[in-house]
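> sequence and predicted structure are below.
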Amino acid sequence: MSSFRTHRAQWIILAALALLFLLAAQGMSTRDWLVTVLRGLSVAAVTFLVASGFSIIFGLMDVLNLAHGALFMLGAYVGWTAYVRPDTVIDLATPVLLFLAGFALSPALTLGLSRIPARLRERRAFAWGLLAAALLVLYLALPHAPMAAWHPGEYTDSPIVWTQTFEAERVAELAQPAVAEVPAWLVWSGILLGGLLLAASLIAFNMQRRPPVAVASAALRRGLFLFLALLTVALLIYGFNTPLTAFMLSLSSNWLFLFAIVMAVITGVGLGGLMESTLIRPLYERALYQIMLTFGLAFIGTEIVRAVWGRSGFTMPKPELFAGRGEGCPATSIGGWLQHHCSTIVIEIAGEKARIRTYNELFLIVMGVLVLVVVWLILQRTRLGMIIRAGVQDSEMVEALGIDVRRVFTLVFALGVGLAALGGVLAAPATGLSDAMGAHVLLTALIALAIGGLTSYPGAAVGSLIVGLMQQFIIKYGQIGIQLPFMDEPFKPTPPLVPASTVLLMVVVLLLMPQGLFGRRE
Amino acid sequence: MPAPILSLQSIHTFIGRFHILEGVSLDAPEGSITALLGRNGAGKTTTLKSILGLTPPSQGKILFNGEEIQGRRPYEIAALGIGYVPEHRAIFRDLSVYENLKIAERKKGDLERKADFIFGLFPDLKRLIHLSGANLSGGQQQMLAVARALVPDNELLLIDEPSEGLAPVIIEQMMEAIKALSAKTTVLLVEQNFLVASTLAEHYVIIEEGRTVKRGLMADLIHDEAAIHRYLGAA
């Protein structure tokens, strides 16, 4: 498909970069080179998880989602919670599922609301009244939901100490959920009612814009089924809270990490879907407001993280598979790691020992490649991928073919945010958690996308790769120095040069190719 | 005259603050080609887009098979059985010819069922099936755009300027194809080239400054040189 002639400029720039990359290796031992490349790939993998979702969302719906970094961060914090405090997640499951159950009844609510005389229904006060009632009921009910959690304000009960406890003894003396003064059935029905009212108010707002349409009886039945299912699961989890918590705490940290990944992705997909359908959708015609909105949401996300998990950063222990330090460690081969689950592998290269961290430098890279391949397969081989590729070019024509593009938008936004959240939870054990991690990764991803081409999937991959490698090489040269022409002393780049160098590269690429390496000319 | 499958009753459409359509009425009788004529900027393309809901009309009624469809979302309207061949073709450059056809399926297997018919009309496309849309010539892109609209079971095709920018040989090929497909499907055709329009269409509608000013049988219009001159500028 791609011939040399049509992509000449791309190949020349890539060749120039490869040459620079090889030149950069001079004056560096093979060991240092290998470790630096692996570290670069690891940074690239995390950057790619954020950049790919961002780029597909921007390509398909022209939304610059500046909250993407905050959602990455939220994925990390939710992952930490599921990992270190699974009991909190179980306590939270009941209210969250009950709240969602209200939304499952949307078809029935639509039917009910359309029976109300239009004169009453189309008053603004009607929808606003429902919304106010929903918020009031939730405000009254939510604080009484029994829940055990940490308190960022008190050091002995802060996430930092919980992380230490987790690392030290695994099974902690967990606080029992505070016994509520309000009977549980009242709290649960309050949350259910709150969800119902909120769903009803959203439907009422919608009906003011568009007259109600008939509800298919299949949708009604499906909604009712989903409602009953959510209700049952919520109450079962409440009823079996104690044994469930004990079970979760008895799991190995590998299983807990898998649980953390699943919870982070579910949260990301859910928040993404919610964000697109309620906040982004009304603003499709107004790009500037959209940017302001996502920018604001990024701040709100950061503040939520600070309020719930505290301002100070903390770490996330690595799962057992990547944390072994005892007998047989550090391993000397992949086989040795598989046997002893070492945190590091040490191999000898040209007489020097190279330390490779199994989580950071093997697992993260493998996950990055895995996501790269899976998303590529989805884009190239499925009907959804076909619609996305077509929609990136002309979403109006896709809709004119009879395809509900808005539903595709919501789905793609949700999946894109899910990828960011996955990136967050995967990065957390390697980089730790802090309230600045979102802004940092977003900046890196944006630079990678500017280099690779904003709406190009291969561009996102190549851009992430270049930025990751560049960063790590500059850091390495900061330690060992690099011999530059016309300088007597080896030059040691200082840490501020790390972000500056990638920005500089971005400027150079954009001057030569304004649409990035793989971008399409507009 | 057969019953109209599509009927526009005094449509008004705004784009931003501009009042583009100020009362367009037309009927597209079932099983025939209706040409929508008018000068540049008269509102022909906007009329097609209004039918599909891409630029939703603010007033007036649109009846498709006797059912009011104005105000519905474009994908709902298209799914009723309306195919759209926009001006400038709008085929998907990053998709192969096969994918460009496949994406238009509304039921699984639409393309397989229609393949013989489509490739019978446009044998070239069969040869180009794995090429990407970006590598097609203008004529091939136009064929693909028409073929794409034939994949699902559409009862009505809205075709916008199919002859624009094509070589005379290709135009002839395209005219033959449209003639052939109109045996199965009703067509509403926007066409600047009066020769093409008058050869193909049985009925015509002329709009001027967003209003329907004249409509009837093409056979009558061909002999009305005054009208052709007045409304279309050239014969």
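On my side now, so go ahead.
> tell me, how many residues neighbour the residue in the stretch 401-522 of chain A positioned nearest to chain B?
Here the residue of the stretch 401-522 of chain A nearest chain B is A:Gly402; by Cβ to the nearest Cβ that distance is 3.8 Å. Bear in mind the C-beta positions are built from the backbone N, C-alpha and C, glycine included. A:Gly402: 22 surrounding residues under other Cβ atoms under 10 Å in any protein chain shown.
> how about B:Ala167?
By other Cβ under 10 Å, neighbour count at B:Ala167 equals 12.
> from B:Leu48, how far off is the residue of the stretch 401-522 of chain A closest to chain B?
16 Å (Cβ to Cβ, to the nearest Å).
> returning to what we had before: sec struct for the residue of the stretch 401-522 of chain A closest to chain B, please.
Here A:Gly402 is recorded as coil under DSSP: H, G, I helix; E, B strand; the rest coil.
> so it sits against B:Arg73, correct?
No. Using Cβ atoms under 8 Å, A:Gly402 makes no contact with B:Arg73, being 10.4 Å away.
> name the element the most centrally placed residue in chain B belongs to?
For chain B, the residue nearest the mean C-alpha position is B:Ile159 (1.7 Å; Cα atoms, centre = their mean). Using DSSP states H and E, the element containing B:Ile159 is strand B:156-160.
> after that strand, which helix or strand is next?
Assignment by DSSP H and E places the next element after strand B:156-160 at helix B:168-181.
> buried set for that next one?
B:170-171, B:173-175, B:177-178, B:181 (16 or more other Cβ atoms under 10 Å in any protein chain shown).
> out of those residues, who's nearest A:Ser106?
Nearest to A:Ser106 among these is B:Leu181, at 41.7 Å by Cβ to Cβ.
> how far away is B:Leu221 from A:Ser253?
81 Å.
> more neighbours, those two?
B:Leu221 (24 against 20).
> hey, what's B:Ala35 bridged with?
Under DSSP bridges, the beta-bridge partners of B:Ala35 are B:Leu189, B:Tyr204.
> count of residues packed around it?
Neighbour tally, B:Ala35, other Cβ under 10 Å: 24.
> need the contact list for it.
Contact analysis of B:Ala35 by Cβ atoms under 8 Å, 6 or more residues apart in numbering or on different chains lists B:189-191, B:197-198, B:200-201, B:203-205, B:218.
> which among the residues you listed end up buried?
When the contacts of B:Ala35 are checked against 16+ other Cβ under 10 Å, the ones flagged as buried are B:189-191, B:197-198, B:200-201, B:203-205, B:218.
> of those residues, closest to A:Glu348?
Nearest to A:Glu348 among the buried ones among the contacts of B:Ala35, with distances taken as Cβ to Cβ, is B:Val190, at 74.3 Å.
> what sits against the closest residue to A:Ala323 other than its chain neighbours?
Among residues not flanking A:Ala323 along the chain, A:Ser343 sits closest, at 5.3 Å (Cβ to Cβ, 6 or more residues apart in numbering or on different chains). Shown in contact with A:Ser343 (Cβ under 8 Å, 6+ apart): A:318, A:322-325, A:329-330, A:357-359.
> for B:Met174, same thing?
Taking Cβ under 8 Å, 6+ apart, one finds B:139, B:142-143, B:146, B:162-163, B:166 in contact with B:Met174.
> first residue to last residue on stretch B:99-112, what's the distance there?
13 Å (Cα to Cα, to the nearest Å).
> what comes up buried for it?
So, applying 16+ other Cβ under 10 Å, buried residues of stretch B:99-112: B:99-105, B:110-111.
> touching, A:Ser333 and A:Val346? I think so.
No. Here A:Ser333 does not reach A:Val346: they are 9.8 Å apart, not a contact under Cβ under 8 Å.
> in terms of packing, which of the two has more residues around it?
A:Val346 (15 against 11).
> which SSE is the more buried one in?
Going by DSSP H and E, A:Val346 is part of strand A:344-349.
> buried sites along that strand?
A:344-345, A:347.
> residues near B:Leu188, how many?
Neighbours of B:Leu188 using other Cβ under 10 Å come to 26.
> where does the residue nearest to B:Gly233 when sequence neighbours are not counted land in three-state SS?
Excluding the flanking residues, the one nearest B:Gly233 by Cβ to Cβ, 6+ apart is B:Arg39, at 6.1 Å. Classification of B:Arg39 using three-state DSSP returns coil.
> how close does B:Arg39 sit to B:Lys126?
B:Arg39 is 38 Å from B:Lys126, by Cβ to Cβ.
> follow-up on the earlier one: is it possible to get JSON lines of the buried ones among the contacts of B:Ala35 that adds pLDDT?
Compiled in JSON lines, the buried ones among the contacts of B:Ala35 are given as follows (pLDDT from 0 to 100):
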{"residue": "B:Leu189", "pLDDT": "92"}
{"residue": "B:Val190", "pLDDT": "93"}
{"residue": "B:Glu191", "pLDDT": "89"}
{"residue": "B:Ala197", "pLDDT": "89"}
{"residue": "B:Ser198", "pLDDT": "88"}
{"residue": "B:Leu200", "pLDDT": "90"}
{"residue": "B:Ala201", "pLDDT": "90"}
{"residue": "B:His203", "pLDDT": "92"}
{"residue": "B:Tyr204", "pLDDT": "91"}
{"residue": "B:Val205", "pLDDT": "92"}
{"residue": "B:Met218", "pLDDT": "84"}
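> for the least confident helix or strand in chain B by mean pLDDT, buried residues please.
The weakest-scoring helix or strand in chain B, judged by mean pLDDT, DSSP states H and E, is helix B:225-227 (a mean of 82). Across helix B:225-227, burial judged by 16+ other Cβ under 10 Å covers B:Ala227.
> ditto for stretch A:489-509
Those would be A:493, A:497-499, A:501-502, A:505-506, A:509, for stretch A:489-509 by 16+ other Cβ under 10 Å.
> list the contacts of that stretch.
So stretch A:489-509 is in contact with A:13, A:27, A:443-444, A:447, A:450-451, A:466-467, A:470-471, A:474-475, A:477-484, A:516-517, going by Cβ under 8 Å, 6+ apart.
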